[in-house]
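Novice: My questions concern the predicted model and sequence given below.
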Amino acid sequence: QKEVEQNSGPLSVPEGAIASLNCTYSDRGSQSFFWYRQYSGKSPELIMFIYSNGDKEDGRFTAQLNKASQYVSLLIRDSQPSDSATYLCAVRDDKIIFGKGTRLHILP
Amino acid sequence: NAGVTQTPKFRILKIGQSMTLQCTQDMNHNYMYWYRQDPGMGLKLIYYSVGAGITDKGEVPNGYNVSRSTTEDFPLRLELAAPSQTSVYFCASSHGGRVEGYTFGSGTRLTVV
């Protein structure tokens, strides 16, 4: 069974610091990778996708992919209290498989 | 520009009752999905559809049924509701490309008592 693993957290990060969220996946053939942000009581919102090895940057967010290690990460620079949410890692082969999410808490 | 619309937002059912969760998208997406999300358990795929007239089971289909008569609509039917079906239900859609994520509806919070 294909799996996506994330540490459930909570991960507490001081405001202004870098938050680092990590994810591993089991299927070496997976081709595209996503990060969703989910605020409490709300639906998941796509914030990043990546499909090539290396880094992809979008504003304060950087997604990193290492296919050899089957590892995806999300870095959030200059963390803000509004970044406090659960972050879902997702991996796509024929369908998207979601991890259980990491709760991130930015400390003011 | 509505995206994916789910109704109702909240519902309380008694054990044994039935109901239909509605999902409509206006983005002309071929692919549609139903997920349930329980606390700490992540998103579990219930059913999905790759186009009108085509549906298939996901990871947790028991107790549910779906239909897809149009591209826009993908209703989820609960027959004989059970407390184990208490959850938040999300509908999602996509064009289906491998580098494309899903767009989610706002969810339906269902409680079975």
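Specialist: Looks like it came in fine.
Novice: Test my guess that residue B:93 contacts residue B:24.
Specialist: No - judged on CB atoms under 8 Å, residue B:93 makes no contact with residue B:24 at a distance of 9.6 Å. (Each C-beta comes from the backbone N, C-alpha and C, glycine too.)
Novice: and these two? which has more neighbours close in?
Specialist: When neighbours are counted by other CB atoms under 10 Å in any protein chain shown, residue B:93 and residue B:24 differ, and residue B:93 comes out ahead with 26 against 19.
Novice: from memory residue A:93 sits against residue A:27, does it?
Specialist: Yes - here residue A:93 reaches residue A:27: they are 6.0 Å apart, a contact under CB under 8 Å.
Novice: Overlap of the contact sets of these two?
Specialist: Shared contacts of residue A:93 and residue A:27 (CB atoms under 8 Å, 6 or more residues apart in numbering or on different chains): residue A:2.
Novice: what's next to stretch B:39-46, contact-wise?
Specialist: The contact list for stretch B:39-46 (CB under 8 Å, 6+ apart) reads A:8, A:44, A:88, A:95, A:98-101, B:33-38, B:58-61, B:64, B:66, B:76, B:89-90.
Novice: can you pull up the bridge partners for the residue positioned nearest the centre of chain B?
Specialist: Compute the mean C-alpha point of chain B, and by CA atoms, centre = their mean the closest residue is residue B:34, 2.9 Å away. Residue B:34 has the following beta-bridge partners by DSSP bridges: residue B:47, residue B:91.
Novice: residue contacts, it?
Specialist: B:21, B:23, B:45-48, B:58, B:64, B:66, B:74, B:76, B:89-92.
Novice: so what pLDDT did residue B:99 get?
Specialist: pLDDT recorded at residue B:99 is 75.
Novice: For chain A, which residues are neighbours of chain B?
Specialist: Where proximity means CB under 8 Å from any CB of the partner chain, the interface of chain A facing chain B comprises A:8, A:31-32, A:34, A:36, A:42-46, A:49, A:51, A:88, A:90, A:92, A:95-96, A:98-101.
Novice: cutoff 7 Å now
Specialist: Contact residues (CB under 7 Å from any CB of the partner chain) of chain A with chain B: A:8, A:31-32, A:34, A:43-44, A:46, A:49, A:51, A:92, A:95-96, A:98-101.
Novice: Identify the residue with the minimum pLDDT among the residues you listed.
Specialist: pLDDT across the residues of chain A next to chain B is lowest for residue A:95, at 81.
Novice: For burial, what's the neighbour tally of it?
Specialist: By the measure other CB under 10 Å, the count of residues near residue A:95 is 19.
Novice: do the same with residue B:65
Specialist: Residue B:65 has 14 neighbours, counted by other CB under 10 Å.
Novice: So it sits against residue B:77, correct?
Specialist: Yes - using CB atoms under 7 Å, residue B:65 makes contact with residue B:77 at a distance of 4.4 Å.
Novice: Please pull out the lowest mean pLDDT helix or strand from chain A.
Specialist: One helix or strand of chain A scores below all others by mean pLDDT, DSSP states H and E: strand A:96-98, with a mean of 90.
Novice: which residues of chain B score low on pLDDT?
Specialist: Applying pLDDT under 70 to chain B flags residues B:1.
Novice: which bits of chain B sit near chain A?
Specialist: Applying CB under 7 Å from any CB, we find that chain B lies next to chain A at B:40-43, B:45, B:48, B:90, B:98-99, B:101-102, B:104-107.
Novice: Closest one of the contacts of residue B:34 to residue A:107?
Specialist: For the contacts of residue B:34, the minimum distance to residue A:107 (CB to CB) is 29.4 Å, reached by residue B:90.
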